[in-house]
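Engineer: Provided below for reference: sequence and predicted model.
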Amino acid sequence: MYRVAARVFRQFRAKDGRRVILREPRWEDLGDLLDFINSLVEEGADICREKIVTREEEADWLGRRLAAVEKGEVIHIAAEVDGKVVANSEVTRRGGIMNHVGVLGIAIRNGYRGIGLGGELIKTLTEESRKAGMKVLVLDVFDTNNVAKQLYQKSLFREAGRIPKGVLKKGKYIDLIRMTLEL
């Protein structure tokens, strides 16, 4: 059985005045998280998923994520606005001789972008990764996602490499950019 109480990392007011809670996800978020990921798929957002997620698939994913958080393998932060999960982010610790490296991922629901969530999520994930003893964060971003690239650069991530045609989405090739941040 999973914890009911979720750790709250911070609360703040977004640029549009809405109150935001950055916290660990909890089992009760299943419906919100399912709606969230499927909204990104339907939008055609720059994510690696193109197919709608079933409730069973999302439940399996959430169960694995909550277990990984409990084990200290993942730092997982959901952004809640008006009682609803509107952004999801994480740093997944690599294993073995790369145990000091974390892989960062962030997704924000349409309608909640540009109000400061991304910057606050990166700031919080970076702080928590340092506390967890990580030394390097890495992320991959689609070359077409200019808003995300600018956010990562502003957060001091630097391009470390590029995979030409690293993504094939809707019949179109897109370069995949690897970015890093030393903590």
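Structural biologist: Here it is on my side, so go on.

Engineer: Helix or strand: which one has the closest residue in space to L121 that isn't next to it in sequence?
Structural biologist: Nearest non-adjacent residue to L121, counting by C-beta to C-beta, 6 or more residues apart in numbering: S89, 4.5 Å away. To be clear about C-beta, it is placed using only N, CA and C from the backbone, and glycine gets the same treatment. Per DSSP states H and E: S89 is located in strand 84-93.

Engineer: Rounded mean pLDDT for that strand, please.
Structural biologist: Averaging the model's pLDDT scores along strand 84-93 yields 97.

Engineer: Could you pick out the longest helix of the protein?
Structural biologist: Counting by DSSP state H, the longest helix found in the chain is helix 55-71.

Engineer: Report the inter-axis angle for that helix versus strand 84-93.
Structural biologist: Calculated by axes from the mean of the first three to the mean of the last three C-alpha atoms, to 10 degrees, helix 55-71 forms an angle of 50 degrees with strand 84-93.

Engineer: Packing partners of helix 55-71?
Structural biologist: Secondary-structure packing of helix 55-71 (3 or more C-beta pairs under 8 Å, 6 or more residues apart in numbering; DSSP states H and E): helix 30-43, strand 74-81.

Engineer: Select, out of these, the one closest to V167.
Structural biologist: For the helices and strands packed on helix 55-71, proximity to V167 was assessed by C-beta to C-beta; helix 30-43 is nearest, at 14.9 Å.

Engineer: so how far is the closest one off the chain centroid?
Structural biologist: 13 Å (C-alpha atoms, centre = their mean, to the nearest Å).

Engineer: And for stretch 65-76?
Structural biologist: Computed by C-alpha atoms, centre = their mean, the separation of stretch 65-76 from the middle of its chain amounts to 13 Å.

Engineer: Please renumber the chain so that the first residue is 344 from this point on.
Structural biologist: Got it, first residue is 344 now, which makes that one stretch 408-419.

Engineer: Report the mean confidence score over that stretch.
Structural biologist: Mean pLDDT, stretch 408-419: 94.

Engineer: Which residues in that stretch does the neighbour count mark as buried?
Structural biologist: By neighbour count on 16 or more other C-beta atoms under 10 Å, the buried set for stretch 408-419 is R408, L409, A411, V412, E416, V417, I418, H419.

Engineer: Contacts for it next, please.
Structural biologist: Applying C-beta atoms under 8 Å, 6 or more residues apart in numbering, the external contacts of stretch 408-419 come out as 345-346, 367-370, 431-436, 445, 468, 471-472, 475.
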